[in-house]
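Visitor: Just to be clear, the model below is a prediction. Sequence and coordinates:
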Amino acid sequence: MVHMGYGETWAKVILMGEHSVVYGYPALAAPLLSLKMRAWVTPVGQAQNDVGTIYDTSEKASRHAVGPQPSRTVISDFRHSMDSSQSPCGTLKALNYEGSLSEAGSRFGGLERAVKVATQFAGCPGLAFDVVTDSSFPAGRGMGSSAASAGAVIRAILDACDVKTSEQEILRLTNEAEVITHGNPSGLDAVTTCSRDLVAFESGEMQHMSVDMPAYLVIADSGIAGSTREAVGNVHKEDEQDHMRVKSIMDELGELARASETDLEFGTVAMLGKRMNRAHGLLNELNVSHPLVNHLVEAARVAGASGAKMTGGGLGGCLIALAGDAETAKNVKRALLREGAREVWIHSFAADANRGFDNEGAVAAHHVVSDGSFVVA
């Protein structure tokens, strides 16, 4: 019996290795477990597939779904009405879009692909779902939104179909969906948005790192949507025009990423901060940063951060700053908000506190409203 399903992933940031990872150098990414991506799927109507399985969308069936559920009105208002002559037609409610999944356009191409690969894997390729996603972090900021949403939807569909499989198989399906969004994904986003540990990546190989250090990562949204595809293309053009200069920058970025693994292992906050500062300077030389991000990076350093840098593809998006204690992290957050950051989160590197905190030390709660703007709940 197919029923309502639930899936959950979370945000991520790149600590070190933006752009150089594309050329085979190492990268480090951190999951942000407090910033959730949630997905609910409901099989359309009570249609019947080729082998006669009934898709139950009753209230009783919805209780089989794992995790928090949206209100009954969200689901009931969002279902398509259909008569027996119509084929099931899935719908999507995500960010500021509500409508047919097949007509959602290229922006949601990865989600449409996620539904397709998940239903095929579950053995019911003709089954359509109404899909609702809710994110506590913004899209288009280098925080892994596309991989997180695809992964959450795939998990929700497998949950709805009561299909149990390995995490590696789910990651494979997520990367199949990511091909639509990013063309040739490394797989780093797919892994990190469902990992509870920091992920070290190099030449297709990934390793999980358990980190326990007395430090905080402050993540700030510039409010400007970046473009990984455009930024990667720009770096490729620069490489064609001046290969030796770009290779020198990539070599150093790779060395910084490897050395940062040691910093994280031994908790050397000051050294990690210095490497972050240097990495930002190199990325800025590649013209992938943004004037506002550069301004916020400087503001974080002035406020006491050990280091600060852009994160992700660039041309906007987010920046990260390293603070050696909670009070400094709060000071950095206040400075970033004052200087124009859209939203700021604090993430602890302590092993027992892998979550974000607000100014009072409580878990921060956020949500994205229907017009796509970001607000604190």
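Guide: Ah, there it is.
Visitor: how long is stretch 213-232 end to end?
Guide: This stretch, stretch 213-232, spans 32 Å end to end (CA to CA, to the nearest Å).
Visitor: And the closest residue to Ile249 other than its chain neighbours, how far from Lys330?
Guide: Distances taken as CB to CB, 6 or more residues apart in numbering place Leu282 nearest to Ile249, at 5.1 Å, with adjacent residues excluded. Where you see a C-beta, it was placed from the backbone N, CA and C, and this is true even at glycine. Distance, Leu282 to Lys330, by CB to CB, to the nearest Å: 29 Å.
Visitor: what is the mean pLDDT for stretch 127-147?
Guide: Throughout stretch 127-147, pLDDT has a mean value of 92.
Visitor: centre of the chain versus it, how much separation?
Guide: In terms of CA atoms, centre = their mean, to the nearest Å, the gap separating the centre of stretch 127-147 from the centre of its chain is 8 Å.
Visitor: Stretch 226-241 too?
Guide: Taking mean C-alpha positions (CA atoms, centre = their mean), stretch 226-241 and its chain are 21 Å apart.
Visitor: Between Leu282 and Lys330, point out the one with more neighbours.
Guide: Lys330 (22 against 19; other CB atoms under 10 Å).
Visitor: That one: which element?
Guide: helix 326-338 (DSSP states H and E).
Visitor: packing partners for that helix?
Guide: strand 216-221, helix 291-302, strand 318-323, strand 343-348 (3 or more CB pairs under 8 Å, 6 or more residues apart in numbering; DSSP states H and E).
Visitor: Any chance of the ones you listed in TSV with mean neighbour count and distance to Ala139 as columns?
Guide: Converted to TSV, the helices and strands packed on helix 326-338 look like this (neighbours: other CB atoms under 10 Å; distance: least, CB to CB, whole Å):
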stretch	mean neighbour count	distance to Ala139
strand 216-221	26	11
helix 291-302	19	17
strand 318-323	29	12
strand 343-348	24	13
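Visitor: Which parts of the chain are strands?
Guide: 5-16, 27-43, 91-94, 97-100, 129-135, 198-202, 205-209, 216-221, 307-311, 318-323, 343-348, 356-357, 366-368, 374-376 (DSSP state E).
Visitor: on contacts alone, who are the packing partners of the fourth one?
Guide: Think strand 97-100. Against strand 97-100 (3+ CB pairs under 8 Å, 6+ apart) you get strand 91-94.
Visitor: Name the strands paired with the strand it packs on and say parallel or antiparallel.
Guide: strand 97-100 (antiparallel), strand 129-135 (parallel) (DSSP bridges).
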